[in-house]
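**Student:** Just to be clear, the model below is a prediction. Sequence and coordinates:
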Amino acid sequence: MSGRDAATATNPGAVPGAGAGPGSGTASGAGLGSGPATGSFSVAAMAEAEAAEPAALLRGIGASVPAADTRAKSEGTFPYAADLWAEGLLWAAVLRSPHAHARIRSIDTSAAAEMPGVRAVITHADVPGATTHGRRIADRPVFAHDLVRHHGEPIAAVAADHPDTARLAAAAIAVEYELLDAVTDPEHAFGAPPLHPDGNLIRHIPLRYGDPEAVGEVVVEGLYRIGRQDPAPIGAEAGLAVPRPDGGVEIYTASTDPHTDRDLAAACFGLEPERVKIVVTGVPGATADREDPAFQLPLGLLALRTGYPVKLAATREESFLGHAHRHPTLLRYRHHADADGRLVKVEAQILMDAGAYADSSAESLAAAVAFACGPYVVPHAFVEGWAVRTNNPPSGHVRGEGAMQVCAAYEGQMDKLAAALGIDGAEVRMRNVLATGDLLPTGQTVTCPAPVAELLRAVRDFDLPPLPKDTPEEEWLLPGGPEGAGEPGAVRRGVGYGVGMVHMLGAEGTDEVSTATVKVLDGVATVICAAVDTGQGFATLARQIVQEVLGVDEVVTAPVDTDQPPAGASAHGRHTWVSGGAVERAAKMVRTQLLQPMAHTLGMSTELLQITDGRITSYDGAFSTTVAEAMAGKELWATAQCRPHPTEPLDADGQGDAFVGLAFCAIRAVVDVDIELGSVRVVELAVAQDVGRVLNPRQLEARIEAGVTQGVGAALTENLRSAAGLIRHPDLTGYALPTALDAPVVRIVKLVEERDVVAPFGAKAASAVPVVTTPAAVASAVRAATGRPVNRLPIRPSAAVAAPNS
């Protein structure tokens, strides 16, 4: 199993008549590391304390409260969408384009429609509402009808009595194509004929900050290429659509943004939003948007057409072809510094390949441009960023989008600057680090905690792992694995650094609001919030919040569906901040309802009553009762919202307060490289992270380790390759995910708990920033081992062969 899916979670719903029943929505997730910690937080002390306390007694903020769904997942009884069933079920299959760019001359569905067992065949002509869709920009057809713009684009869909019949019928649809030249190089998109009515340019951001004439005594340049990483969820897309008596439809699927998906689907179905319901099932891994509308929309259309429940379970090939990937990016950089290594000016050009449609490319580009200089003080910055359409596979939101690509480039530049000055890589970074109160190149003041120097110092000073010669030979894994083909004499060790940053919540004016309801009946609390737990741990956090505020032991989270008020997308750590904040506010309102009658009787304010360890006690100790006694026979409830302070779009010069908050990470990578074969083994990654506050130690550990492992994949193995726009080997054999054997030793050496005062609980997002930082750190270490520039991710073996005289 891939490290990114080491901790997944859900709020599953039950389908009427389905074989799988409801489950509680809780998460495994984030926590503290396998190595010693420094500073105020001690992993060892926490582990010792928790070992002495039964798991059932762990509760509240700061405890490693276990996920309630752990047993169901380990026993294989947890209800994912692929497991759902309904009476009279039909099976769906989608016909996808085998070409990257072609004109559709004709579509003949007669042979498919006449096959025994086929109940419906639909194309673009059968879409009753909007024929295009998009979570951000509606530029993507439900079904291609005049042009095919990427390999795997949906053209038609079939519903049949048996999944094999559906696939055979889809294959029987005859499509006549006129092949067109595919635009696959994003640099050629500027001069190529328009691939879309909206043109090839999706967004251009020029960032201008400071004096364009400023120059430094030392100048280094670099060209960097970042590959196409796939989110590769451990469970492929699946869903079940059930028609409703009122002419609407319910879709059961692992959506990470159910209300947006509901509105999008309703527009395409020609229905009012209230007649379309999205019910969130188990999420089998999500480091990107799920489920892609290209999977949801055919399901709903077929259920409405046939009047029967329709199920679609994608193959791994369909999954690779259908969902969005990380943006492949080309980056050109020029760094200016003075003789002491302090940055004077950064110039950069960033070109992002959006694939055929816009999706989240505008937002990804904004992050890339804004963070193009990294967590460093830069007096002058001039950055140009473009996102363009091509006929390559679609790109979209993947964890750390935009920030990951530029981190690999600006950290490569810091290594070049260190080499040019003859100083240590950690030292040149330390001389430039950002701090609270500094300005970003967008003109925004960093108001949140920014302990970048502390993080970098922690990983720099942490003990290095022993060299191979210091350990028994049988314990030393050569690069290439336990049976590595290399010779020990050809192995070189390298140590490198990466420092990264990400933004939290949405950006550029996005309205980040979430609503939550907390109900208590006879001492049992229920949290109702449409925040989808994708593994980030929100459902567990919601339980902890209610336990902390109300002192109750039993807390359940209701299954998520669109009958609940919106909570927004599961991305950028927003549910820890916004949805967690809404749960806290609702719980505090219930607390006031509970305490007010007691306070009135005692002649004091509710602030003079406290809830601790399941007991309600007055400030003077004269009154005390248990929470269970106080809540007996009572039904209390409250609904609350949380909305952070507003942001603004970047202006024509790339200036503006575009981000609510920032999170930082420093990683020291140690690698062994076979300089003859170019194979790389990541020996150890030492991580120091800015977390604000540790809410659940074990969940935090899992999230950091999963993020690091995903970053290792981006650094060394993961690249969804294509030729002339056609995806090569769309399977888990051709696409190399890191496995448990590839996962390095992760030492979480420091977690800085400097609370962000504007965030509920003071906590920060934990999952994305190690993904962003790890590839840069690994590349830096390979540079140190080989003397090669290493300007492409994933790192090719040819790039890891040592330079002459290295």
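**Tutor:** Everything's here; your move. Residues are numbered from 1 along each chain as shown.

**Student:** all contacts plus neighbour counts: C-alpha atoms, from now on.
**Tutor:** Noted.

**Student:** Longest helix of this structure, counting residues only.
**Tutor:** Of all the segments of type helix in the chain, defined by DSSP state H, the longest one is helix 580-602.

**Student:** who does whichever helix or strand comes after it pair up with?
**Tutor:** Tracing the chain past helix 580-602, the next element assigned as helix or strand by DSSP states H and E is strand 609-612. Strand pairing for strand 609-612, determined by DSSP bridges: strand 615-618 (antiparallel).

**Student:** Which residues belonging to the partner strand are considered buried?
**Tutor:** Arg615, Ile616, Thr617, Ser618 (16 or more other CA atoms under 10 Å).

**Student:** Just list whatever residues bridge to the second one.
**Tutor:** Beta-bridge partners recorded for Ile616 (DSSP bridges): Ile611, Thr625.

**Student:** That one: what's it in contact with?
**Tutor:** The neighbourhood of Ile616, defined by CA atoms under 8 Å, 6 or more residues apart in numbering, consists of Leu609, Gln610, Phe623, Ser624, Thr625, Thr626, Val627.

**Student:** OK, contacts around the fourth one?
**Tutor:** For Ser624, the contacting residues are Arg615, Ile616, Thr617, Ser618, taking CA under 8 Å, 6+ apart as the criterion.

**Student:** How about the first one?
**Tutor:** Contacts here follow CA under 8 Å, 6+ apart; on that basis Leu609 touches Leu595, Ala599, Ile616, Thr617, Ser618, Tyr619.

**Student:** do you know how far the residue nearest to the first one when sequence neighbours are not counted is from Ile616?
**Tutor:** Once flanking residues are discounted, Leu595 sits nearest to Thr606: 5.9 Å by CA to CA, 6 or more residues apart in numbering. Distance of Thr606 to Ile616, given as CA to CA, to the nearest Å: 11 Å.

**Student:** do Lys73 as well
**Tutor:** 36 Å.

**Student:** Asp742 too?
**Tutor:** As it turns out, when the distance is counted by CA to CA, Asp742 lies 51 Å from Ile616.

**Student:** Same question for Asn791.
**Tutor:** From Asn791 over to Ile616 the distance is 61 Å, taken as CA to CA.

**Student:** returning to that earlier point: can you convert the contacts of Ser624 into TSV and add a column each for distance to Ala356 and pLDDT?
**Tutor:** Below are the contacts of Ser624 laid out as TSV (distance: CA to CA, whole Å; pLDDT from 0 to 100):
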residue	distance to Ala356	pLDDT
Arg615	59	91
Ile616	59	92
Thr617	62	92
Ser618	64	90
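
**Student:** Can you tell me the SS state at Glu363?
**Tutor:** Recorded secondary structure, Glu363: helix (DSSP: H, G, I helix; E, B strand; the rest coil).

**Student:** Dump the C-alpha coordinates for the helix or strand encompassing Gly711 into PDB.
**Tutor:** Gly711 is part of helix 697-716, with elements assigned from DSSP H and E. Once non-C-alpha atoms are left out, helix 697-716 reads as follows in PDB (Å, rounded to 0.1, in the frame of the first residue of the first chain):
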ATOM      1  CA  PRO A 697      -0.200  12.900  18.200                       C
ATOM      2  CA  ARG A 698      -0.600   9.500  16.500                       C
ATOM      3  CA  GLN A 699      -2.700  11.000  13.700                       C
ATOM      4  CA  LEU A 700      -0.100  13.800  13.200                       C
ATOM      5  CA  GLU A 701       2.600  11.200  12.900                       C
ATOM      6  CA  ALA A 702       0.700   9.200  10.300                       C
ATOM      7  CA  ARG A 703       0.000  12.300   8.200                       C
ATOM      8  CA  ILE A 704       3.600  13.500   8.200                       C
ATOM      9  CA  GLU A 705       4.900  10.000   7.300                       C
ATOM     10  CA  ALA A 706       2.300   9.600   4.600                       C
ATOM     11  CA  GLY A 707       3.200  13.000   3.100                       C
ATOM     12  CA  VAL A 708       6.900  12.200   3.200                       C
ATOM     13  CA  THR A 709       6.400   8.900   1.400                       C
ATOM     14  CA  GLN A 710       4.300  10.600  -1.300                       C
ATOM     15  CA  GLY A 711       7.100  13.100  -1.700                       C
ATOM     16  CA  VAL A 712       9.600  10.300  -2.000                       C
ATOM     17  CA  GLY A 713       7.500   8.900  -4.900                       C
ATOM     18  CA  ALA A 714       7.500  12.300  -6.600                       C
ATOM     19  CA  ALA A 715      11.300  12.500  -6.200                       C
ATOM     20  CA  LEU A 716      12.300   9.100  -7.400                       C
END
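
**Student:** tell me the average confidence for that helix?
**Tutor:** Summarised as a single mean, pLDDT over helix 697-716 is 94.

**Student:** Beyond it, next helix or strand please.
**Tutor:** Remark: after helix 697-716, the chain's next helix or strand is strand 722-723, criterion DSSP H and E.

**Student:** where's the residue lying closest to His150 once chain neighbours are set aside, which helix or strand?
**Tutor:** Ranked by CA to CA, 6+ apart and with sequence neighbours excluded, the top spatial neighbour of His150 is Ala100, at 4.1 Å. For Ala100, there is no helix or strand it lies in under DSSP H and E.

**Student:** so Asp185 touches Thr390, yeah?
**Tutor:** Yes. Taking CA atoms under 8 Å as the contact criterion, Asp185 and Thr390 are neighbours in contact, 7.2 Å apart.

**Student:** With neighbour numbers in mind, choose between the two.
**Tutor:** Thr390 (32 against 16; other CA atoms under 10 Å).

**Student:** Just give the closest residue to the more buried one, not the sequence neighbours.
**Tutor:** For Thr390, the nearest residue in space outside its immediate sequence neighbours is Gly355; the separation is 4.7 Å by CA to CA, 6+ apart.

**Student:** Do a quick rundown of the helices in the stretch 251-400 of the chain.
**Tutor:** Counting by DSSP state H, counting those that start in this stretch, the segments of the stretch 251-400 of the chain that form helices are 258-269, 293-306, 316-322, 361-370.

**Student:** I misspoke; the intended subject was the stretch 651-800 of the chain.
**Tutor:** All helices of the stretch 651-800 of the chain, identified by DSSP H, counting those that start in this stretch, fall at 697-716, 768-786.

**Student:** Check the stretch 51-200 of the chain too.
**Tutor:** Using DSSP H, counting those that start in this stretch, helices in the stretch 51-200 of the chain cover 70-75, 110-113, 163-172.

**Student:** Switch those helices over to JSON lines; also include mean neighbour count and distance to Asp672.
**Tutor:** Output for the helices of the stretch 51-200 of the chain, formatted as JSON lines (neighbours: other CA atoms under 10 Å; distance: least, CA to CA, whole Å):
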{"stretch": "helix 70-75", "mean neighbour count": "12", "distance to Asp672": "35"}
{"stretch": "helix 110-113", "mean neighbour count": "18", "distance to Asp672": "56"}
{"stretch": "helix 163-172", "mean neighbour count": "20", "distance to Asp672": "47"}
